[in-house]
Every structure is written in structure tokens, then in C-alpha cells.
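>>> here's my sequence, what's the structure:
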Amino acid sequence: MQYPARLPLPALCVASALLAASVGASYAYVDLSLNRMGATAAAIGLNGAMPALGWLLATPLMPWALRRFPPRAVLLLLGVAALAVCLFPLTDHQGAWLALRFLFGGGCGMVFRLVEYWISAGSDSRHRARNVGIYSVCFCCGAAVGAGVLPLVGLAGWPPVLFMLALASAGFAVFAALRSGPPAVERAPAMPLRALAGLGMVAMAGALLFGMFEAVPYTLMPVHAVRAGLAETEAAWLASAFLLGQVLLLVPLGLAADRLGKRRVLALCAAGALALAVLVPAAGTDFVLLAAMMLAWGGVAGTLYVVSLALLADLFSGPELAAGNATFGTLYALGALLGPLAHGLAMDAWPPDGLFISAALLLAAFCAILLPWRGLGGVRA
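Take a look at the predicted model:
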């Protein structure tokens, strides 16, 4: 594997933030539009799973693509999928929106997977969680701005689409200006068995869990809020509050993970996320209280992904890291594919708070996975 001489972290963060703003705006735009079309929660959840289907199909191919083609070319080629955003206003057929979400969300998501691999492979192990945390904060800043500004731009017609297209185009322009690309993979990587044991299993479980969980704040929480009686603009801002929590807390919690142990921080954050899943329904339709809870939830839940990714890079290096990242991304994609549909079915089956029941069960399962690994050696756990 050829490492870049210098990791262009600032440029990667700027480009990712711009693209994330476009994706963040798409959450509220697509899901609230489908709600106006009369789609069920399960149908909205299925639509929200379409980007994950793209990641699930493409992620296992990334190590192969990085060996066969210039990594920078692979990164920029994915930008073509972002043009699918232009087609949303041309139809109100829910089946067509499934395909468009697949192309737009899937292509953008694969860019983020490549950038995460680039950062984890090019970072010193002493600062890896911090660097991943910085990237994640920039990602969340972009997504929060996109989701927060969208209600001001409009939630129907061409204005939100042109807004999303402009942001995505700006992000890919920054990527195109970079002189380097993700590290190339010189030989076929193999996924070692230890990735599925000990702390490797904890990292992989974190990817799967967070993939399943993400549908709660981004895809279905705005729909739940509208159905509970909040205005569409307030519902969209709840997703921004979740992202703002990641902005405020991911770097401090990443630093804590580097210094205190990644497993410990994972355990504390999983317990905090579980507690909030139980408490959020008590806020009812109090927008201020809901926003405060979503902010705290964003910080502790988002840390599960960041620290799991950093933990994986502590365990592997070279081609094994590329294979590990591919497996991590595949499990995340599988979770993101299953999560929206599972949470949507829970909302339909147990109104009004089925969304929080499914989220609590998911987080409780991750807490149970973390318990046996106390004191494992080999990595600061």
C-alpha cells in the first residue's frame, strides 16, 4: 500500500462537509416529500434504505477497484451518481424515488467510505480517533447546515433540488483539485479471522449497529415529529440538532477514547444512547426539550461509529486495513439497509413510540456485546 506523503485532512474535511450538506438536505426533502405523497412509515423506511443497498453492493468491490484504477479516479467517478438529485421533481412515483435515492445516496455514501479509509490509513495511531473525529465533526457540520437551511430554501419544487446540486458540485470540485488520492492497494487483501473475534468483533458490531440506528434521527424522526403534531420545519430541525450534537461532542469523545481506552468510551456512549432512547418519548411535542435531547443523543450515538472505526485501524494495517475497512463498510451498509425498514415497521406496529422501542432494543444489544470484552489486551481497550 502506498501512503500519501501528507494527509490532506483540511481539504478532505471541506469537501466532505459540502457533500454532507447536500446529503443532509436530502433526508428531510425526500422523507417529508414522501410523507406528503401519503407513503406509510414502512415505505419511507424502505426508501431510506436505498443508499445502503448501493453501499452494500459497492463496498466489497472497493479494494478491487483501488487495485485496478487510480484511487482518485474512483473517487471522482462516484460524483456522477450525485446528478440523480436533479430528477426528483420530475416524478411523484414512489418507485422512481427508490431508484433515485439508490443512485444519489449510494454514490455519495461510497465517497464517504473512501474518505474514511483515506483518513484511517494515513493517520498516526496516536491521533487516529482524533482525526476521524475531526472528519466526522466536519461531516456533521455540513449535514446539519444542509438539513437546517433546507426549510428556509423550501421543501418542494426545484429550489431544494438546486440547493442540493450546488452543494454536491462544490464538494466534488474540491476533491478534483486535490493532487493526491486515497492510498492504492498493491495486492489483494485478505480479511484475517481475528477481525471477527475479540475487539475486532466489537468494531464490526459497532458498524452494523450504527448503520441500523441512523434511520432513527435522519429518516424517521422527522416523520414521527410531524405525525405527533410538530411543523415540518421543526421536524427538519430535529435532525440538525442530532447532527449538532455530533459536532460538539465527537472530537472530545474521540480524544477521550485515545487516552482512556476505546472500549470504555464505547460502553459509556452505548449506555447513554440507550438511556436517551428511553427518555426521548417523554418530551412529547415540546420542541425545545426534544431538540436538547436529540443534541445529546447525536453526540453519544455518533461516537459509536467514530470509535469503532478508529478501533479497527488500531488492529490492522496495510492491505489488511483495506480489507477491514471494506468489511466494516459492508456491515455498516447492511445495517443501514435493514434499519430503516425495521424502524418503519416498528412505527407502524407500535404507534406512537415504536421508533424508540426498536432503537432501545438495538442499543441494548450492543451494550450486551460490549460486556464480555473488558480487559482484552493487544489494543488499549
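>>> so where's this protein shaky on pLDDT?
For the chain, the stretches with pLDDT under 70 are 1-5, 71, 125, 181, 183-199, 317-319, 322, 372-381.
>>> tell me, which helix in it spans the most residues?
Longest helix of the chain, by residue count under DSSP state H: helix 318-349.
>>> hmm, residue 285 is touching residue 228, no?
Yes: using CB atoms under 8 Å, residue 285 is in contact with residue 228, at 5.4 Å. The way it works is simple: take the backbone N, C-alpha and C, and place the C-beta from them, glycine included.
>>> so the two - more neighbours on which side?
residue 228 (16 against 11; other CB atoms under 10 Å).
>>> which residues touch that one?
Applying CB atoms under 8 Å, 6 or more residues apart in numbering to residue 228 gives the contacts 284, 285, 352.
>>> what ranges does the stretch 201-350 of the chain have for its helices?
With DSSP state H, counting those that start in this stretch as the criterion, the stretch 201-350 of the chain has helices at 215, 221-228, 232-260, 262-279, 287-315, 318-349.
>>> check the offset of the third one from the chain's centre.
I take that to be helix 232-260. Offset of helix 232-260 from its chain centre (CA atoms, centre = their mean, to the nearest Å): 12 Å.
>>> use 657 as the first number from now on
In the new count, where the first residue is 657, that last one comes out as helix 888-916.
>>> tell me what it is packed against?
Using 3 or more CB pairs under 8 Å, 6 or more residues apart in numbering; DSSP states H and E, the elements in contact with helix 888-916 are helix 665-692, helix 784-809, helix 877-884, helix 918-935, helix 943-971.
>>> distance to residue 706 added to those helices, as a markdown table?
Putting the helices and strands packed on helix 888-916 into a markdown table (distance: least, CB to CB, whole Å) gives the following:
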| stretch | distance to residue 706 |
| --- | --- |
| helix 665-692 | 9 |
| helix 784-809 | 18 |
| helix 877-884 | 16 |
| helix 918-935 | 25 |
| helix 943-971 | 20 |
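>>> my read is residue 811 is in a strand, agree?
No: under DSSP: H, G, I helix; E, B strand; the rest coil, residue 811 sits outside any strand and is assigned coil.
>>> surely it meets residue 682?
No: between residue 811 and residue 682 there is no contact under CB under 8 Å: 11.6 Å.
>>> the more surrounded of those two?
It is residue 682, of residue 811 and residue 682, that has more neighbours when counted by other CB under 10 Å, with 28 against 18.
>>> excluding its backbone neighbours, what's nearest the more buried one?
residue 820 (5.9 Å; CB to CB, 6 or more residues apart in numbering).
>>> which element is that neighbour on?
Assigned by DSSP states H and E, residue 820 belongs to helix 814-833.
>>> list the helices and strands that helix packs on?
Against helix 814-833 (3+ CB pairs under 8 Å, 6+ apart) you get helix 665-692, helix 727-733, helix 784-809.
>>> now for whichever helix or strand comes after the longest one, which elements pack on it?
Tracing the chain past helix 665-692, the next element assigned as helix or strand by DSSP H and E is helix 697-704. Secondary-structure packing of helix 697-704 (3+ CB pairs under 8 Å, 6+ apart): helix 665-692, helix 750-778, helix 974-1005.
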